[in-house]
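Peer 1: predicted model and sequence follow; I will ask about them next.
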Amino acid sequence: MNKPVKQIHLAAHFPGVNNTTVWSDPESGSQTDFASFVHLAQTAERGCFDFFFLAEGLRLREHRGRIFELDVVGRPDSLTVLAALAAVTDHIGLAATLNTTFNEPYELARQFATLDHLSGGRAAWNAVTSPDAFTGENFRRGGFLERSNRYERAGEFIEACRTLWDSWADDAVVADPDRPVFVPDGAIRRFEHHGEEFDIRGWFDVPRSPQGYPVQIQAGDSDGGRELAAEQTDVIFSRHSGFDDGRAFYADVKSRLERYGRRHDDLKIIPAATVVLGDTDADARERADHVHRQQVSPQGAIAFLEQVWGRDLSAYDPDGPLPDVEPDVDGIGSITRGRVRHEQDPRAVADKWRAMAEANHWSIRELIIEVTTRTAFVGSPRSVAERINAYVQADAADGYILIPHLTPHGLDDFVDRVVPELQERGVFRTEYAGATLRDHLGLPRPPAPLGVASLEVST
Amino acid sequence: MATRRWLRLGVSLDGLGRHPAAWRTDGADPAGAFTLAHLARAVALAEQGGLHFVTLDDGFGLQPGGEAAVRGRLDALLALAAVAPSTRSIGLVPMTDTTHTEPFNLAKNLATLDLVSAGRAGWWPNPTTAPEAAALFGRKPAPSSAEAWAETEDVIDVVRRLWDSWEDDAVIRDVATGRYVDREKLHYVDFEGRFFSVRGPSITPRSPQGQPVVFMSGEGAEAMAVAASQADVVVVDVGDAAEAARVRTDLHRRVAEAGRDPDDVALVTSIEAHLADELGAALAGRAELDDLSELRSSDRFRFTGTPAGLADVVASWFEREALDGVLVRPAVVDQTLPRLGGGTVPGLVARGLVAPPPADALLRTRFGLGRPASRYAARTAVAAGAEGRHP
């Protein structure tokens, strides 16, 4: 039995505010200037990528009670940057990560509908939840959301947005000067949403956008997150970029689609992945080692260790052995705030790391490089293309969101050297066939909303 | 000797025009109203015509007026961000709600508008007391007018603090110490008010202007009180030059009472205008519009005539010190906007009332405002000096 050859999907992630991004390299440009965003987005579009992706953070990270200085800090607002990028790109999708805890459905729904109009149908929304009171200190609502409620709020938030987007018919703007009717009364309807998190009603004020809804992206990995994705998400941004874990995740999530009446291809699984290229595989491995050392500075290695130990380790030599003191379990929760924490028992992690370091004669910094940096694809352009294709054809993924470690030229080599290899193999587009991001991803447009009259009916 | 006064010129591009029947005129492109191409064309025309800034109205909820009215709009801030890359010198001034939005989000979104436009962002904060708007959010009842303006004052205050929360040189990229930023140059704003609290700092570095230009409506005593303490540009709707002059004098007094320099605040009057190349054609066009719709905009000063005629009016008001600038609201954008650039602006330039283009494209410079240092940077400098005296 011959399986049809799958077409690969690729996305570009603007380098973010964590230690994947190397700012210390002489080639590293501004993380803030609009020109950096333009270059990366236009490079990805030159490479026929599906979409350009921006992450979100709403409070500067703190470590030991002070703002963390060692990684990239600060970024512009995603939606505003993407709106501007809509003007300097023609095809590529524009994806923003937006929180469902610190936004309200009415405002976010009109912002995404606006971005979709401005870009001619290229908007995507990565919906995330953040229950922490630390971030909440910057917002009206504060941080009172229960952790267990965060997926409920996210689910209800998205549902409320869809109610708003569905309150206008696709062709509601008739603009007939003779009658005169701009929008017929029957083509829009009053919306109501009454739930645990939101109790809202009224009239939505943005016409239904080219894609109906923005493409919905989600990163949830728990059982509940996978189920929610199977029910309503278009793209999963997973962290399973390996072969075996990728295949297991892929099979599990895709098997859930049928119970929601969705086809196998209606949900795309696109893990995050890093790439290091070289002229030869050996050259690439050497470059990867260099990148990993840049990603973990001596100071960064100590700070990372402190997250597990929960205590001040600044007296330790990053090039020396691991600390023999035990982790301070009570200190863990408060030492670093504003980023995802380890869920494992710190004492077990410490024991494991000490054993690894001892067996391999690793210093603190070498150990941290080993446990925190992982590059998914390392090799010559040809071998990286072959491996990406093999992974996709074997259902480890439908494609990858590439996270370059350098701004703004971090994708240049991939686009110039790997994309042609994929195109030669007939597994990646050589030009954009459709106009919208849904077209690029092969996703159906949401059906016309019920309860509002289309143009034909109203005339 | 007082510094030379210069006239500032802006245009409002809300919808297809200020007149309720604007979308029904020949040549209008109502179907394009929600596309970037349509807006970008209009803003480029305004820029080429020598206008200094463009405003876009916004607010939550559907426009009234039923089937014959334009209904639907785009988010103004995002729409103007999308025209930033195709323009070079014109200021971009979106209106935003202050009652139902998050101050933290406003600060970073506006700083980002300033970033993508290389320093051309303005901001027109505006509250709403409408119960219908409150129901769209469902988290608090509609405020009274007094509460809404008090909250708006807090919103502007905290947004301005957040804009200052990163000093200009906070990003140091010091490879030797492994530090990307100097946290001593990042500041908590620690705002606690009646309506909300915000800890800070912003997540967005300081923008090209540092402080984008704040526009406010000066309608009513409550608005005027907030404007006197917070606004850089105050927009009023007046019936004649004498009234404008009285409002301007009153504004100057209030600004001085708030401890600010009256020269730092511009009074701009809004003018609804319908222009044609001949007076007869303008009058006929206005009559045709009025025949099409019984609805009228709320504007108190409407002008119908030639581009040169409008220049005469603006020049005479300016020379009477009744205004520092105008915000023209075209009755029909497609008809009036080209004539502003084709006739009105050149007429005012020829009179020597309009400053030559500044060396930089910052909107602040256009309004005669320098680039302020972060308020926190000043504090750091003082503290450092104090330490120097007491080592």
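Peer 2: Received, thanks. Residues are numbered from 1 along each chain as shown, chains lettered A, B, ... in the order given.
Peer 1: phi and psi next, for A:S209.
Peer 2: Backbone geometry at A:S209, expressed as degrees, to the nearest 10, gives phi -90, psi 170.
Peer 1: could you pull up the residues touching it?
Peer 2: Contact analysis of A:S209 by C-beta atoms under 8 Å, 6 or more residues apart in numbering or on different chains lists A:F112, A:A113, A:T114, A:D116, A:H117, A:G121, A:A123, A:W165. Glycine gets a C-beta too; all of them are placed from N, C-alpha and C.
Peer 1: burial check on the nearest residue to the first one once chain neighbours are set aside, number of neighbours?
Peer 2: Right, A:F112. Leaving aside its chain neighbours, A:F112 sits nearest to A:P214 (4.6 Å; criterion: C-beta to C-beta, 6 or more residues apart in numbering or on different chains). Per other C-beta atoms under 10 Å in any protein chain shown, the neighbour tally for A:P214 reads 31.
Peer 1: and stretch A:83-97, how far out from the chain middle?
Peer 2: Stretch A:83-97 sits 15 Å away from the centroid of its parent chain (C-alpha atoms, centre = their mean, to the nearest Å).
Peer 1: let me redo that: stretch A:103-110
Peer 2: Distance, centroid of stretch A:103-110 to centroid of chain: 19 Å (C-alpha atoms, centre = their mean).
Peer 1: wondering if it reaches chain B at all.
Peer 2: Yes. Residues of stretch A:103-110 contacting chain B under C-beta under 8 Å from any C-beta of the partner chain: A:N103, A:E104, A:Y106, A:E107, A:R110.
Peer 1: list the buried residues for stretch B:57-73?
Peer 2: B:57-63, B:67-73 (16 or more other C-beta atoms under 10 Å in any protein chain shown).
Peer 1: quick revisit: which of the contacts of A:S209 lies closest to A:Y400?
Peer 2: Closest to A:Y400 out of the contacts of A:S209 is A:A123 (21.0 Å), distances taken as C-beta to C-beta.
Peer 1: in CSV: the contacts of A:S209, plus neighbour count, pLDDT and secondary structure.
Peer 2: Formatted as CSV, these follow (neighbours: other C-beta atoms under 10 Å in any protein chain shown; pLDDT from 0 to 100; DSSP: H, G, I helix; E, B strand; the rest coil):
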residue, neighbour count, pLDDT, secondary structure
A:F112, 26, 98, helix
A:A113, 31, 98, helix
A:T114, 26, 98, helix
A:D116, 28, 98, helix
A:H117, 27, 98, helix
A:G121, 20, 98, coil
A:A123, 31, 98, strand
A:W165, 24, 97, helix
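Peer 1: mind putting the residues you listed into CSV with distance to B:Y376?
Peer 2: Formatted as CSV, the contacts of A:S209 follow (distance: C-beta to C-beta, whole Å):
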residue, distance to B:Y376
A:F112, 34
A:A113, 37
A:T114, 33
A:D116, 38
A:H117, 38
A:G121, 43
A:A123, 36
A:W165, 41
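Peer 1: of these, closest to A:G434?
Peer 2: For these, the minimum distance to A:G434 (C-beta to C-beta) is 9.0 Å, reached by A:G121.
Peer 1: separation between the closest one and B:D154?
Peer 2: According to C-beta to C-beta, to the nearest Å, A:G121 and B:D154 sit 38 Å apart.
Peer 1: so which of the buried residues of stretch B:57-73 also contact chain A?
Peer 2: Near chain A, by the rule C-beta under 8 Å from any C-beta, you find B:F60, B:G61, B:L62, B:Q63, B:E67, B:A68, B:A69, B:V70, B:R71, B:G72, B:R73 out of the buried residues of stretch B:57-73.
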